[in-house]
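>>> Fold the following for me, if possible:
(chains A, B and C)
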Amino acid sequence: MLTLENISVNYGAIEALNGITMHVEQGEVVTLIGANGAGKTTTLRTITGLLSPRAGRVLYEDEEISGLPTHKLVARGISMSPEGRGVFANLTVRENLQMGAYLKKNKREIAEDMERAYTMFPRLKERQSQKAGTLSGGEQQMLAMGRALMSRPRLLLLDEPSLGLAPLVVHTIFQAIEDIRSKGTTILLVEQNANAALRHSNRAYVLETGQIVMEGASQDLAADPRIKEAYLGE
Amino acid sequence: MPTFVKRLLFAVLVIAALFALNAMLSTQGLFGFGLDDYYGRLLTFIGINVILAVSLNLINGFTGQFSIGHAGFMAIGAYASAYMTVYHAPGWELALAGMVGADAAHVLIFVLAIFIGGLATALAGLVVGIPSLRLRGDYLAIVTLGFAEIIRIVILNIDKVGGATGLTVPGYTNFVWVGVFAVITIVIVHNIVRSDIGRALVSIREDELAAEAMGINTTRYKVLSFVISSAFAGIAGVLFAHYNKFLSTADFTFLRSFEIIIMIVLGGMGSITGAILGAAVITILPEALRQLPTVGLFGQEFNFADLRLVIYAALLIVIMLTRPQGVLGTREFGMNWLRRAQKRPEGDEAVGADTGVSIAERDTTPTADPVEEVKNK
Amino acid sequence: MDTFVQQLINGLTIGSIYALIALGYTMVYGILRLINFAHGDIYMVGAFAGFFIAHGLGFAAEPSLVGFAITLLGSMLVAALIGMAIERFAYRPVRKYARMTTLITAIGVSLLLENLGVVIFGGAPRSFPQLLQNQNYTLFGNAAISKSQILIFSVSIALMLLLQWIIYRTKVGTAMRAVSFNLNSAKLMGINTNLIIAFTFALGSALAAAGGVLTAQYNPQIYPLMGIITGLKAFVAAVLGGIGNIPGAVLGGLLIGAAETFVVGYGQSVGIPSTYRDAVAFSILILVLLFRPAGLLGSTVQEKV
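As a prediction, the model looks like this:
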């Protein structure tokens, strides 16, 4: 469904990604793990068109999308819950969700999707008229994910959803990820929390200073001693 | 040859050249070879503009702060010194002449005038700079503009210095004075830029937060650069006042500030040579335009010189769209280029350019707080 | 008492104009963090557009409410288009560069508009046609309010309410607020941010143009440089209210208008000559930036490193 071919991305003179090649098939949950600064967020931002690659191609559903503006990609079914939640603090929870459905015209579908979001994250329903800036970190993450789902994406990108969250909340988030996957959405998950990420994904890529150093089935990687030492803290 | 002898020789050479030039500009000319008064006037104004441009470049180009009220400081220097020369100088000069002779007295009085002008402006720079430099770029611009306007309005209301009708001022300036101070300005700014202070200023320009985090007292350096820069603007003002022999606040409007800005933008905001180049071009441009044939537009005849403001504005926009770093970027000409291999390789960056992360990507404050919270002292 | 009321009416009249222009500054700043130096000149463009529309369509000869309405809307449309053009061709290409570059470009655009105006229209003021029969209504004592003042109040209030509705009750408005908070997140919603930015410029410019036409009814002299001082004061109003804050712009505008009028009106008796009128706004600016830089309604937020 999604293929990155030899993607290289620069921040000015600094090379952030150097020849990344990876793919995500329909229905999969693929995770991209790596340390801080490895280039995980850069990868997601390149996929969503927030960054332009210096070299290489991004293919989505067999069409090249590198260089397309973000809003066009959203229209094609790609959605992201960005790093740091990226919620609109000045808008209410409800308005945030509405923004997620910006491209949808059907009012009934939008209402359905909002209910679905509230069912998945009941806390959001309680706070629907509150400004998103007043929400806790975990609630903001729920909002970011709920918002990303409002466009009924076929490919959902999640950028470090567990970052800075308490273990219990992390559990809720990953349960939601399972739920989303079971409904057929393809997920590309970027995580520093390698443990949780490997447990909840089919395949994984390991990113180190802008390059893929390892890839394979998540189970295999989780058992790999190198991974265990570097990322799983064992 | 020891350095100080080299420097002394250089200084003597420069002064000799200036005197020679000045002689050429007088009616008899130098050994019969003379340029007439028109060129003298042009060169003098180029000199004054060089002082203005190079000094503005210190705060805008090297420190990366956006001050657009330079004309206000020029006005302070001009009027402060004029007040002295109009009301007190005649008496003092006469008294002094009795002691040291008329010529020396004349020179000394003017030195005093320049000193007064420079000092007054430096103080003004301090007063304006200390509160304003806490503010972020765009706000600083508006504040400096506002201060310049307030200064102008206040001066306009002081009848003692002419108010709306203007003030006639005795003539003291000639090309030598302007040339000397232009050279002084260039040398001082050049030395600052190459010193540790200069490095601090550039680091503030490139990333103020990082500079602060590294222990540089950014406010102190910004104010320092601002004060020095305005002091020179004040000196330029003194020179201008006593050359023009007439002062009116109409000479110190935003348009004047803007002219200086376009000089350094054109030349390249991080380059002293660029500032000099820009000053020369912008001073000569209206004269050059006047030579062009008139053009008929919208049913009226236009001399290109009248269109010069439109041309400047369009020029500014075009430069920003195509080559924001100006002609020279941060490069310098002259003796430095021989040592360029050792210098920083980045010559052509637009001043203060972000490295890669575009404006749109930066998630800064939602409702902008112009005072940078770093200043929590 | 009646002098006070008169001053207040006059002050709020000019304040409403400042408010209309300030809204444009604040919206553009909110969405791009850019001080649109050229915005004050859009006010001037509006006045001139209205001038030519009124003459061209014959309303100058036959004053009427309909004529006024069409002139107003026409000039707002022209200004909106010019505002969008400026954004598209002068600001958008330099958005990715350093802040200072965009600022300098904005100054360039401002000067271009002003001097182009001088070249094309000549520096001498023209008289904007009276589109409505003017009349004074006595309130009490010596306090009077003129028809044009009532017009300014009613149109300004109507436009501000319309803007409020657009921003807080429509999808586009919510998108504008989203874009001004976080551009990238907004893009991820499928929002075409360039379009939203263009729309913001269009709205702001339309309001400034309305200000221009309304002012011209009150004070018929229009000239190409009329946007400079008024624009600057409107900017001060936006900062006073809290830049980026929409109700703040309105509040700021009214306060500056009132302050200015009162200082000039009562200042005579304390020795402040009326020539200091313009200094009032600048002094307020400096006071605000020194003591409450976030403005009256703005919130102080930490800068994220």
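
>>> From here on, just use CA atoms for contacts and neighbour counts.
OK.

>>> Any idea how many residues pack against the closest residue to chain C within chain A?
Going by C-alpha to the nearest C-alpha, chain C is nearest to A:H71 of chain A, at 3.9 Å. Number of residues near A:H71 (other C-alpha atoms under 10 Å in any protein chain shown) recorded here: 22.

>>> and the strand or helix carrying C:M176, is it in reach of chain B?
Taking DSSP states H and E as the criterion, C:M176 maps to helix C:171-181. Yes - remark: helix C:171-181 sits within contact range of chain B at C:180-181, by C-alpha under 8 Å from any C-alpha of the partner chain.

>>> Could I get the average pLDDT for that helix?
Helix C:171-181 shows a mean pLDDT of 93.

>>> Am I right that A:M22 is in a strand?
Yes - the assignment for A:M22 (DSSP: H, G, I helix; E, B strand; the rest coil) places it in a strand.

>>> Tell me which residues touch it, please.
Neighbour list for A:M22: A:3-5, A:205 [criterion: C-alpha atoms under 8 Å, 6 or more residues apart in numbering or on different chains].

>>> again, but for B:I204
The contact partners of B:I204, by C-alpha under 8 Å, 6+ apart, come to B:63-64, B:210-212, B:218.

>>> out of those residues, which are buried?
Among the contacts of B:I204, those classed as buried by 16 or more other C-alpha atoms under 10 Å in any protein chain shown are B:63-64, B:211-212, B:218.

>>> of those residues, closest to chain C?
Among the buried ones among the contacts of B:I204, and counting by C-alpha to the nearest C-alpha, the member closest to chain C is B:G64, at 8.4 Å.

>>> quick one: low-confidence parts of chain A?
Where chain A drops to pLDDT under 70, the residues are A:233-234.

>>> Near chain B, which residues of chain A are found?
Proximity of chain A to chain B, by C-alpha under 8 Å from any C-alpha, involves residues A:10-13.

>>> from these, which would you call buried?
A:10-11.

>>> The residues of chain A next to chain B into CSV, with extra columns for secondary structure?
Formatted as CSV, these follow (three-state DSSP):
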residue, secondary structure
A:N10, strand
A:Y11, strand
A:G12, coil
A:A13, coil
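
>>> Identify the residue of the stretch 1-150 of chain B closest to chain A, quick one.
Nearest to chain A, among the residues of the stretch 1-150 of chain B, is B:G64, at 19.6 Å (C-alpha to the nearest C-alpha).

>>> Tell me which helix or strand comes right after the lengthiest helix in chain B.
Scanning chain B for the longest helix, with DSSP state H as the assignment, gives helix B:102-132. Scanning forward in sequence from helix B:102-132 by DSSP H and E, the next helix or strand is helix B:137-157.

>>> what's next to that following helix, contact-wise?
With C-alpha under 8 Å, 6+ apart, helix B:137-157 has contacts from B:65-73, B:75-76, B:128, B:132-133, B:161-164, B:249, B:252-254, B:370, C:34-35, C:99-100, C:103, C:275-276, C:279, C:282-283, C:285-286.

>>> ok, of those, which come out buried?
Listed as buried from the contacts of helix B:137-157 are B:65-73, B:75-76, B:128, B:132-133, B:161-163, B:249, B:252-254, B:370, C:34-35, C:99-100, C:103, C:276, C:279, C:282-283, C:285-286; burial here means 16+ other C-alpha under 10 Å.

>>> Could you pull out the helices in chain A for me?
So, for chain A - with DSSP H - the helices run A:40-47, A:70-75, A:93-100, A:107-120, A:122-126, A:137-149, A:167-182, A:194-199, A:218-223, A:225-231.

>>> CA atoms only for the third one, dumped as CSV, please.
Read it as helix A:93-100. Provided in CSV are the C-alpha atoms of helix A:93-100 (Å, rounded to 0.1, in the frame of the first residue of the first chain):
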residue,chain,number,x,y,z
VAL,A,93,-12.5,18.9,21.7
ARG,A,94,-15.6,18.9,19.5
GLU,A,95,-14.2,21.4,17.1
ASN,A,96,-10.9,19.5,16.9
LEU,A,97,-12.8,16.4,15.8
GLN,A,98,-14.8,18.5,13.3
MET,A,99,-11.5,19.7,11.8
GLY,A,100,-10.6,16.1,11.5
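
>>> Please give the centre-to-centre distance between it and its chain.
Centre-to-centre, helix A:93-100 and its host chain are 18 Å apart (C-alpha atoms, centre = their mean, to the nearest Å).

>>> what helix or strand is the residue positioned nearest the centre of chain B on?
Nearest to the geometric centre of chain B sits B:L52, at 1.5 Å (C-alpha atoms, centre = their mean). Element membership for B:L52 (DSSP H and E) is helix B:37-57.

>>> who does that helix touch, helix- and strand-wise?
Packing partners of helix B:37-57 (3 or more C-alpha pairs under 8 Å, 6 or more residues apart in numbering or on different chains; DSSP states H and E): helix B:3-25, helix B:175-194, helix B:218-244, helix B:254-267, helix B:272-291.

>>> when you compare where it runs with where helix B:175-194 runs, what's the angle?
Taking axes from the mean of the first three to the mean of the last three C-alpha atoms, to 10 degrees, one finds helix B:37-57 and helix B:175-194 inclined to each other by 20 degrees.

>>> residues in contact with helix B:37-57?
Helix B:37-57 is contacted from outside by B:22, B:25-27, B:67, B:70, B:174-175, B:178-179, B:181-182, B:185-186, B:189, B:228-230, B:232-233, B:236, B:239-240, B:260-261, B:263-264, B:269-272, B:275-276, B:278-280, B:283-284, using C-alpha under 8 Å, 6+ apart.

>>> Show me what the nearest residue to A:N90 once chain neighbours are set aside is bridged to.
Nearest non-adjacent residue to A:N90, counting by C-alpha to C-alpha, 6 or more residues apart in numbering or on different chains: A:K131, 6.0 Å away. Beta bridges link A:K131 to A:T92, judged by DSSP bridges.

>>> Filter the buried ones among the contacts of B:I204 down to the ones in helices?
Among these, the ones falling in helices (DSSP H) are B:211-212, B:218.

>>> Now A:N195: closest residue in space that isn't a chain neighbour?
Leaving aside its sequence neighbours, A:N195 sits nearest to A:L232 (C-alpha to C-alpha, 6+ apart; 5.9 Å).

>>> and what of A:I110?
In this structure, A:I110 finds its nearest non-sequential neighbour in A:A101, 6.5 Å apart by C-alpha to C-alpha, 6+ apart.

>>> One more: C:T3?
Using C-alpha to C-alpha, 6+ apart and skipping the chain neighbours, the partner closest in space to C:T3 is C:A143 (6.4 Å).

>>> What values do phi and psi take at the one you found?
C:A143 adopts backbone torsions of phi -80, psi 130, taken as degrees, to the nearest 10.
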